[in-house]
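J.: how would this look folded up:
(chains A, B and C)
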Amino acid sequence: MKIPISNTASKMYKWVEDLFPINRSLTGPGVRETLQYLQKIVPELTIQEVPTGTNVFDWTVPEEWSVHEAYIQDEDGEKIVDFDDHNLHLVGYSEPVDEWMTLEDLENHLYTLPDQPDAIPYVTSYYKRRWGFCMTQNQKDSLRSGKYHVYIDSQLKSGVLNYGEIILPGQTEKEILLSTYICHPSMANNELSGPAVTTALAKWLTKLENRKYTYRIVYVPETIGAITYISKHIDQLKKNVIAGYQITCVGDERNYSFLSSRYGNTLADRVAKHVLKHAVDNYKEYSFLERGSDERQYCSPGIDLPVASIMRSKYGEYSEYHTSLDNLDLVTQKGLEGAYEVYKKVIEAIENNCTPKVNVYCEPQLGKRGLYPDVSKKDSATEVRLLTNFIAYADGKNDLFEIAEILDVPIWNLYNILFNLIGEGLMQCNN
Amino acid sequence: MKIPISNTASKMYKWVEDLFPINRSLTGPGVRETLQYLQKIVPELTIQEVPTGTNVFDWTVPEEWSVHEAYIQDEDGEKIVDFDDHNLHLVGYSEPVDEWMTLEDLENHLYTLPDQPDAIPYVTSYYKRRWGFCMTQNQKDSLRSGKYHVYIDSQLKSGVLNYGEIILPGQTEKEILLSTYICHPSMANNELSGPAVTTALAKWLTKLENRKYTYRIVYVPETIGAITYISKHIDQLKKNVIAGYQITCVGDERNYSFLSSRYGNTLADRVAKHVLKHAVDNYKEYSFLERGSDERQYCSPGIDLPVASIMRSKYGEYSEYHTSLDNLDLVTQKGLEGAYEVYKKVIEAIENNCTPKVNVYCEPQLGKRGLYPDVSKKDSATEVRLLTNFIAYADGKNDLFEIAEILDVPIWNLYNILFNLIGEGLMQCNN
Amino acid sequence: MKIPISNTASKMYKWVEDLFPINRSLTGPGVRETLQYLQKIVPELTIQEVPTGTNVFDWTVPEEWSVHEAYIQDEDGEKIVDFDDHNLHLVGYSEPVDEWMTLEDLENHLYTLPDQPDAIPYVTSYYKRRWGFCMTQNQKDSLRSGKYHVYIDSQLKSGVLNYGEIILPGQTEKEILLSTYICHPSMANNELSGPAVTTALAKWLTKLENRKYTYRIVYVPETIGAITYISKHIDQLKKNVIAGYQITCVGDERNYSFLSSRYGNTLADRVAKHVLKHAVDNYKEYSFLERGSDERQYCSPGIDLPVASIMRSKYGEYSEYHTSLDNLDLVTQKGLEGAYEVYKKVIEAIENNCTPKVNVYCEPQLGKRGLYPDVSKKDSATEVRLLTNFIAYADGKNDLFEIAEILDVPIWNLYNILFNLIGEGLMQCNN
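T.: Numbers count the residues shown, from 1 in each chain, chains lettered A, B, ... in the order given. Next comes the predicted model:
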């Protein structure tokens, strides 16, 4: 699928750039700032909050974390590491500290990636109180022994967990769920590609005429946010969602990836695999055993939502993942747009899907309707083969996806054929 | 399967030879002449007629077409193309014309096959009024510019559509359907091999003792004839047919072919594939997407008959198809007989099929019945393996086909075993 | 699976040695002596008897056969073949004879293996009265012409068929069946490895705490004994047996083999294949078409027990089978122990199997229970993957086997995980 760089592509990239510097975490001002930015793009987005301490299934909504300043000074007063330079320098959820210590003691609190000596790792400690700094291995190797002043002016206090929600009603209550996350500091593919593509899809969906399905689009902090969201909407979700996608890692230009739902047999899986098969050159398929994002919650036992994931380079599978190298060079306009177009095809396919049934016995006479060549020559049988094959399997038992699979063609090649046959009064198509 | 040329083989070839010159089309005198010839061979054949203009599902029975004379004369009065020489020269259903025209104008009405410069193509225009001539590319290339006299004395008028039907009652109302077509002018594999093999099978079936099933054997013009036939017998067909075959292209000596029913899972499919697997060296399997004959109607949505097709070289897949090269050299006695024997094996298998059930617990004592070697030596276990394996799966859940598949043997290897076990009172076999 | 030679291994080998010389047959003193020996090892074993002439399904319990003396003397009075030297020398169930005859006449009663000139074959004639001697081809080739004195002092008289039975009650009536046979004279892999491994398993089971299942362990003469046993216990067997194994040919060190039940889809099949896949380097899978022991009866139509077979070298598939070469060199301590350990793993797996169900929605918070690393680093996701994958499929729909198959790990890797999760109150596991 060759796609010229469009207006949408440049907008998505701009959103990623704008949101990149914000220090997001599970909770706190970074999440709110991010949601407010997106709300300006899609005013239908509402920002919700759930108080610290709320029990959500087996979990509890955590305190809010905010950072005012954080650095390490050497004996000369020089800041050798500064949160202001890169918010990955600080271990997520670090508690406050103001202390002088030897290099030896300090090293217990330093995190590096020896195999990627130029990368700052991304480290968090959500559920145990500690503090720490992340830096490149090269920088750590250059530290001289001596005393260091460690200063973290952070706060952990009761507050709220925020998430964003867009509901776009359709002709039925049945829903398509799109979910992305907003809890990672400055990283581009994982995470900002997700909110950018999701927001572009939301904008497109607001303008989609005659939406058949209702769209539920959520921006949550990963894991705790998804669990919180599910706990508050479990009945609607279980009743209405017919397909959903976890949108993450959709911004680089490398291969496409597919991660299935728990049993890999839902509508979301079928559609995603069908679209990828026909729309991109190749893609890598991952089983649910290799999951790692909020499908972990959506597809958990008893929740059982039909949620799969189409990605470019999957989290955990590319070297820049969870480091400072996952930056604005890795994500591109072309990369974002490829994923956006695939997801559009997925949504269009679900919207257009129905179960056609021809309403005459035996083959219809296509000739009298101008649908069949009127001279029978040696090759004429093949000219109308797609049409007659479509009719042969439009028996009320197969939906468009199943017919497309039997005929081994993209579902979008069938939209016009179906439209024409309905127009001729030869066919109905039921949901 | 090596088959010596038999009496049946030479008869079938003779019928093809005799019927070859007749100018068959969808309707008209050629069809009637053909059916009358076959009726002399199998007096059980009745010739039916349905008036022009009758509505049959989405179609209408067309007018009768007949040709008295048709040729193109050059300025010297010489007939450069004459329907009397080869009835493929005239486009099927050509309307009358009597006109002088330039070569340039004439060329709009000439059909050739540039890639097969020695072959006259077979062209028809059933559902749009036009006229035309077919010739070899070599002949067309030799035409000099000038004026040509085009003369077609044909007639399109209200009449009837004819078809032939043989009903051979059996012990049950359940039916085996054999269908072939009789609407193509002088071509041998597609089409006369079909009526020849079908007629030989009909003759054999009239003499088959204790026929379990009723046989419905039909000779129809392709497409419109099958649709007409189905429209008049839809209730009986849907109620009674347990397996059926479209018999066409069964006269050459090349590979065998199999074309499945719509979902490929009917008794007709199972039996055909089983027989082909065990009776011929190899065969090519085609999906229903590659269909092209009256299974298009029999297997259409709502009709849903279990109809498959065993062929030699499939229509559309051999170079002589729908040209003057599909002649009496392509079809041979040996080719016809091979297909005839395969279809006989298919019918015998369906007739003999039943669901056996052993009526003792544990293995029967075969020794006291003389069915087991009475000295146990190193190899004796294998000697009776087929027998004991048959008994092991004769549990009332598998029919003979399923047992043959489990044991990976031809079903006909089981007929005697079953007969002996029933004789010993060890087994019953229910339909 | 590397297993040091254990106490159990040396005991099993000792039992094989002790039982080797006994002249077992379908009935008679050899069977009783064998069962009495085993009863001393497992006092729970009871010895049962069924009178000659009892009808068992399609069969009749045969007379007892016993041999006092049997030999062939040459004209010099020298015993050239003597039953005292090797009990394979006499054809099983030979009738009495005391006669002088020429070599020519004698040869009609001699059995050899021309392809294995050093091996005495094993031959029986259970169901037709005859007599005969078996010898090596080399010995037969050395026989001079002349007169020979054939003397067989055997007896066929009304008596009983004996079998052994051990019932070890468990918490439920549901049963695991272990069956082996005790009707072959001096052969080691087929047959004594079977009773030896079965007896070691029985000893282990008597000490297994909190047995969930009841164990039914039977020692029967092959075929007639199994049929007799089934005929007397058909109702309990059909009601209670959830898995069973025919234990035979489990003493050599060559490959493992698996023979499936009739349709290959029972719990016994699933467990055996799972254990073999994960516990041994490789194994050969045989279909039920290649069966040859008492699964022939247990799996017969209408009996339908879930009985499969794990073997080392399968009967009929190794050159020493049913000859004097199947001796105490072929069977080893290591060979016996390998099979014993595999069967223990099978039984442990069935005992431990249950259907786990997580009892919180979404992922449980493992961190607060010390089951999850509290710092999130690049690789930490993979560390707990087995645990979270287990939970994801512990949805009350899959038993431990199914989860192990989905996760592609041995079931025994899941026992502790399940134990811990139950301990944390996060899971239940139902049978």
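
J.: what parts of the stretch 151-300 of chain A come near chain C?
T.: Within the stretch 151-300 of chain A, the residues that sit near chain C (Cβ under 8 Å from any Cβ of the partner chain) are A:223, A:226-227, A:230-231, A:234, A:262, A:288-289, A:292, A:296-297, A:299-300. From N, CA and C alone the C-beta is placed, and that goes for glycine too.

J.: any chance of JSON lines for those residues, columns secondary structure, pLDDT and neighbour count?
T.: JSON lines is the format used below for these (DSSP: H, G, I helix; E, B strand; the rest coil; pLDDT from 0 to 100; neighbours: other Cβ atoms under 10 Å in any protein chain shown):
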{"residue": "A:223", "secondary structure": "coil", "pLDDT": "96", "neighbour count": "20"}
{"residue": "A:226", "secondary structure": "helix", "pLDDT": "98", "neighbour count": "27"}
{"residue": "A:227", "secondary structure": "helix", "pLDDT": "98", "neighbour count": "26"}
{"residue": "A:230", "secondary structure": "helix", "pLDDT": "98", "neighbour count": "23"}
{"residue": "A:231", "secondary structure": "helix", "pLDDT": "98", "neighbour count": "20"}
{"residue": "A:234", "secondary structure": "helix", "pLDDT": "98", "neighbour count": "16"}
{"residue": "A:262", "secondary structure": "coil", "pLDDT": "98", "neighbour count": "27"}
{"residue": "A:288", "secondary structure": "helix", "pLDDT": "98", "neighbour count": "21"}
{"residue": "A:289", "secondary structure": "helix", "pLDDT": "96", "neighbour count": "17"}
{"residue": "A:292", "secondary structure": "coil", "pLDDT": "93", "neighbour count": "22"}
{"residue": "A:296", "secondary structure": "helix", "pLDDT": "97", "neighbour count": "22"}
{"residue": "A:297", "secondary structure": "helix", "pLDDT": "98", "neighbour count": "27"}
{"residue": "A:299", "secondary structure": "coil", "pLDDT": "98", "neighbour count": "26"}
{"residue": "A:300", "secondary structure": "coil", "pLDDT": "98", "neighbour count": "25"}
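
J.: what helix or strand does the nearest residue to residue A:45 once chain neighbours are set aside sit in?
T.: Using Cβ to Cβ, 6 or more residues apart in numbering or on different chains and skipping residues adjacent in sequence, the residue nearest residue A:45 is residue A:39, 4.5 Å away. Residue A:39 is part of helix A:29-41, with elements assigned from DSSP states H and E.

J.: so what does the helix or strand following that helix touch, helix or strand wise?
T.: Per DSSP H and E, the first helix or strand lying C-terminal to helix A:29-41 is strand A:46-51. Other elements packing on strand A:46-51 under the criterion 3 or more Cβ pairs under 8 Å, 6 or more residues apart in numbering or on different chains; DSSP states H and E are helix A:29-41, strand A:160-168.

J.: tell me the most buried of the ones you listed?
T.: With neighbours taken as mean count of other Cβ atoms under 10 Å in any protein chain shown, the helices and strands packed on strand A:46-51 reach their highest mean count in strand A:160-168, at a mean of 21.

J.: counting neighbours, what do you get for the residue of the stretch 251-400 of chain A found nearest chain C?
T.: Residue nearest to chain C within the stretch 251-400 of chain A (Cβ to the nearest Cβ): residue A:301, separated by 3.5 Å. Number of residues near residue A:301 (other Cβ atoms under 10 Å in any protein chain shown) recorded here: 22.

J.: could you dump the helices and strands packed on strand A:46-51 to a markdown table with distance to residue B:151 and mean pLDDT?
T.: Formatted as a markdown table, the helices and strands packed on strand A:46-51 follow (distance: least, Cβ to Cβ, whole Å; pLDDT from 0 to 100):
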| stretch | distance to residue B:151 | mean pLDDT |
| --- | --- | --- |
| helix A:29-41 | 76 | 97 |
| strand A:160-168 | 70 | 98 |
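
J.: may I see the residues of the stretch 151-300 of chain A next to chain C arranged in CSV, with distance to residue A:355 as well?
T.: Putting these into CSV (distance: Cβ to Cβ, whole Å) gives the following:
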residue, distance to residue A:355
A:223, 38
A:226, 32
A:227, 36
A:230, 30
A:231, 35
A:234, 29
A:262, 25
A:288, 28
A:289, 33
A:292, 35
A:296, 33
A:297, 31
A:299, 26
A:300, 30
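
J.: dihedrals phi and psi, the closest residue to residue A:171 other than its chain neighbours?
T.: Leaving aside its chain neighbours, residue A:171 sits nearest to residue A:212 (5.2 Å; criterion: Cβ to Cβ, 6+ apart). Backbone torsions for residue A:212, taken as degrees, to the nearest 10, come to phi -70, psi -50.

J.: show me the helices in the stretch 51-200 of chain A, by range?
T.: Secondary structure of the stretch 51-200 of chain A, counting by DSSP state H, counting those that start in this stretch: helices at A:103-107, A:137-141, A:194-207.

J.: many thanks, have a good one.
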